[in-house]
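J.: Got a sequence here, can you model it:
(chains A and B)
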Amino acid sequence: AQSVAQPEDQVNVAEGNPLTVKCTYSVSGNPYLFWYVQYPNRGLQFLLKYITGDNLVKGSYGFEAEFNKSQTSFHLKKPSALVSDSALYFCAVRDGQAGTALIFGKGTTLSVSS
Amino acid sequence: EAGVAQSPRYKIIEKRQSVAFWCNPISGHATLYWYQQILGQGPKLLIQFQNNGVVDDSQLPKDRFSAERLKGVDSTLKIQPAKLEDSAVYLCASSFGTAPNEQYFGPGTRLTVT
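T.: Below is the predicted model of the structure:
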């Protein structure tokens, strides 16, 4: 069965520092991996995805994520955090060879202090 | 480009009452999804449509939930009768095709069942 784990409920960083939001996954086939961000009272917004190819994926707002097959991880990163990055971040996975549903993690709240 | 539209944004009902949510996807998007997001959890897929056909409704509680997508555009999700545990945000999303295409989410409908 597919699953996604976001081990941290909350990540706190100071503005200007690098940030990492962790995600690990489990699928039987090749994974399609996604990161979404949710601001209060708004729907989820797509940040980036990994389907195949280069393990380092670049996305919106300066975010990037690194696919690591051996560690089954897809951590979200940003070199320099902004206060406006404070939001709820979701990792999601779909088995590229089976099923249709996108499975979401429980989310990680990112808090960037000034 | 207009985003995914949902209405109403908020709804409060008593248990055993019925409620309906409406979604208008992005123009040209053949795939439409309904998710349930309970507080503190990631979105969970309820049903996926491809045009006006159901692709996946394995997690839809069919004894009380129903959904339709007439003419392959707008969609309606209904709950009848509602239970307290149905209190959640109901998100509609659409995509140009199925995964690996990213999904675009509407703002959601926050349902409170008292």
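J.: Correct me if wrong: residue B:65 contacts residue B:20.
T.: No. Taking contacts as CB atoms under 8 Å, residue B:65 lies outside contact range of residue B:20: 10.9 Å. To be clear about C-beta, it is placed using only N, CA and C from the backbone, and glycine gets the same treatment.
J.: Tell me, how many residues neighbour the residue of chain A found nearest chain B?
T.: Distances between chain A and chain B by CB to the nearest CB are smallest at residue A:104, namely 3.1 Å. Using other CB atoms under 10 Å in any protein chain shown, residue A:104 has 22 other residues around it.
J.: Could you tell me the backbone phi and psi angles at the closest residue in space to it that isn't next to it in sequence?
T.: Excluding its sequence neighbours, the residue lying closest to residue A:104 (CB to CB, 6 or more residues apart in numbering or on different chains) is residue B:42, at 3.1 Å. Backbone torsions for residue B:42, taken as degrees, to the nearest 10, come to phi -80, psi 160.
J.: Over to residue B:84?
T.: phi -60, psi -40.
J.: Could you find the closest non-adjacent residue to it?
T.: Nearest non-adjacent residue to residue B:84 (CB to CB, 6+ apart): residue B:113, at 5.2 Å.
J.: Bridged to residue 10, which residues?
T.: Using chain A. residue A:109 (DSSP bridges).
J.: not quite, I wanted chain B
T.: Beta-bridge partners for residue B:10, by DSSP bridges, are residue B:110.
J.: what residues are up against it?
T.: B:109, B:110, B:112 (CB atoms under 8 Å, 6 or more residues apart in numbering or on different chains).
J.: possible to save those residues as a markdown table with pLDDT?
T.: Shown next, in a markdown table, are the contacts of residue B:10 (pLDDT from 0 to 100):
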| residue | pLDDT |
| --- | --- |
| B:109 | 96 |
| B:110 | 96 |
| B:112 | 98 |
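J.: wait, which of those is closest to chain A?
T.: Nearest to chain A among the contacts of residue B:10: residue B:110, at 8.4 Å, using CB to the nearest CB.
J.: The closest one: how many residues sit nearby?
T.: Other residues lying near residue B:110 total 17 when counted by other CB under 10 Å.
J.: from what I can see the residue nearest to residue A:104 touches residue A:102, true?
T.: No. Between residue B:42 and residue A:102 there is no contact under CB under 8 Å: 9.7 Å.
J.: re earlier: mind checking which of residue B:65 and residue B:20 has more residues around it?
T.: Neighbour count, other CB under 10 Å: between residue B:65 and residue B:20, residue B:65 has more, with 19 against 15.
J.: measure the residue nearest to residue A:104 to residue B:78 for me?
T.: Using CB to CB, to the nearest Å, we find residue B:42 at a distance of 23 Å from residue B:78.
J.: Run a quick neighbour tally on residue A:44.
T.: 29.
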